[in-house]
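Asker: Predicted structure and sequence below. I'll ask about it afterward.
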Amino acid sequence: MPDIRRGFAAVALLTALTTTASACSDSDPDTNPTRPATTTDTSPTAPEDDDLGKVFPGTSGGSGGGSTVAVPRAQLDEPAGGTMEFANDQQVPLTVQPLTATANSGDLSIVADGCSGVTLQPQEACSVRISHVAHVPGTWTGTVTAPTAEGPVFSVTVTGEAVEAAPETTSETPTPEPDGTPATPDETETPETPDETETPTPEPALT
């Protein structure tokens with residue numbers, strides 16, 4: 001008799017465990033839920049500066065091998081520029097000294113200098129970003145120069161053109177009335193005479 005009771009108790013315990021496991025399985029959320037796809041920001045980005053090419057060091061009289069770069073045309077008082085690379089095509093390292101920028105018209109400046117004080121190993125390059133603002137229309141010419149501690153000089157001629165801004169145009173022109181006289185609004189019309197203002201006709205006197 002005691003063995004039968006143990007058997008019933010074991011069956012009951014097994015049934016309870018199975019029911020609990022089933023309930024937990026139904027109530028637990030998926031341990032690996034599907035995550036929403038990561039969205040990529042598609043907002044437009046600002047355009048990068050124009051690539052003005054590479055400049056190599058010159059070895060005689062500070063010449064940069066006749067390097068010339070042209071920046072995009074721009075309106076007056078609007079910046080125009082781009083990025084150029086100083087590349088070491090020599091067989092020895094070159095340490096770039098501080099840069100200078102001059103122009104015959106407007107303002108030519110170095111807005112990002114990644115070269116001054118940098119030692120370029122053979123075949124290495126560094127970047128320089130320039131900007132020019134013109135105050136008078138026409139073509140202009142400038143020069144960017146960077147000597148090196150070892151003697152060779154990076155020197156490049158920069159050219160560009162400035163134009164005047166296009167005049168603004170009126171988007172809408174008012175149309176006058178055919179006779180040049182504004183239309184008379186409806187409220188200025190003469191109102192009709194109400195019936196109650198009519199003069200009553202007197203009845204003839206009784207004799």
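Answerer: Received it, and whenever you're ready, just let me know what you need. Everything numeric in this text was worked out from a predicted model, so none of it was measured.

Asker: any idea which helix or strand carries H135?
Answerer: For H135, there is no helix or strand it lies in under DSSP states H and E.

Asker: and what of the one 4 residues further on?
Answerer: Using DSSP H and E, T139 sits within strand 138-147.

Asker: Quick check: buried residues in that strand?
Answerer: Neighbour counts over strand 138-147 (16 or more other CB atoms under 10 Å) mark W140, G142, V144, T145, A146, P147 as buried. The way it works is simple: take the backbone N, C-alpha and C, and place the C-beta from them, glycine included.

Asker: which other residues reach that strand?
Answerer: By CB atoms under 8 Å, 6 or more residues apart in numbering, the surrounding residues in contact with strand 138-147 are 62, 84, 86, 96-106, 108, 110, 115-116, 128, 130, 132, 134, 153-162.

Asker: Swap in 6 Å and give it another go.
Answerer: For strand 138-147, contacts defined as CB atoms under 6 Å, 6 or more residues apart in numbering pick out 96-97, 99-106, 108, 153-161.

Asker: on that earlier part again, and which of the buried residues of strand 138-147 is nearest to F56?
Answerer: Proximity to F56 was ranked across the buried residues of strand 138-147 by CB to CB; first place goes to A146, at 11.9 Å.

Asker: What score does that closest one have for pLDDT?
Answerer: We note a pLDDT of 95 for A146 in this prediction.

Asker: what about it, distance to G81?
Answerer: 17 Å (CB to CB, to the nearest Å).

Asker: Equivalent analysis for T100, please.
Answerer: 16 Å.

Asker: show me where the protein has helices.
Answerer: 2-27 (DSSP state H).

Asker: Spatially, which residue comes closest to V136, not counting chain neighbours?
Answerer: Distances taken as CB to CB, 6 or more residues apart in numbering put S105 closest to V136, at 6.3 Å, once the chain neighbours are dropped.

Asker: For that neighbour, give its distance to V71.
Answerer: 13 Å.

Asker: Of these two, which one has the most company?
Answerer: V71 (23 against 17; other CB atoms under 10 Å).

Asker: isn't that one right up against M84?
Answerer: No: here V71 does not reach M84: they are 9.9 Å apart, not a contact under CB atoms under 6 Å.

Asker: worst-scoring helix or strand of the protein, pLDDT-wise?
Answerer: Least confident helix or strand of the chain, by mean pLDDT, DSSP states H and E, is helix 2-27 with a mean of 51.

Asker: To what extent is the closest residue to D89 other than its chain neighbours buried, counted in neighbours?
Answerer: Sequence neighbours aside, F56 is the residue nearest to D89 in space, at 4.9 Å (criterion: CB to CB, 6+ apart). Neighbours of F56 under the rule other CB under 10 Å: 18.

Asker: Equivalent analysis for Q121, please.
Answerer: Neighbour number of Q121 under other CB under 10 Å is 10.

Asker: quick one, what contacts it?
Answerer: So Q121 contacts P93 (CB under 6 Å, 6+ apart).

Asker: try it again with 8 Å
Answerer: Per CB under 8 Å, 6+ apart, neighbours of Q121: N88, P93.

Asker: now it: how far from N88?
Answerer: For Q121, the distance to N88 - CB to CB - is 7 Å.
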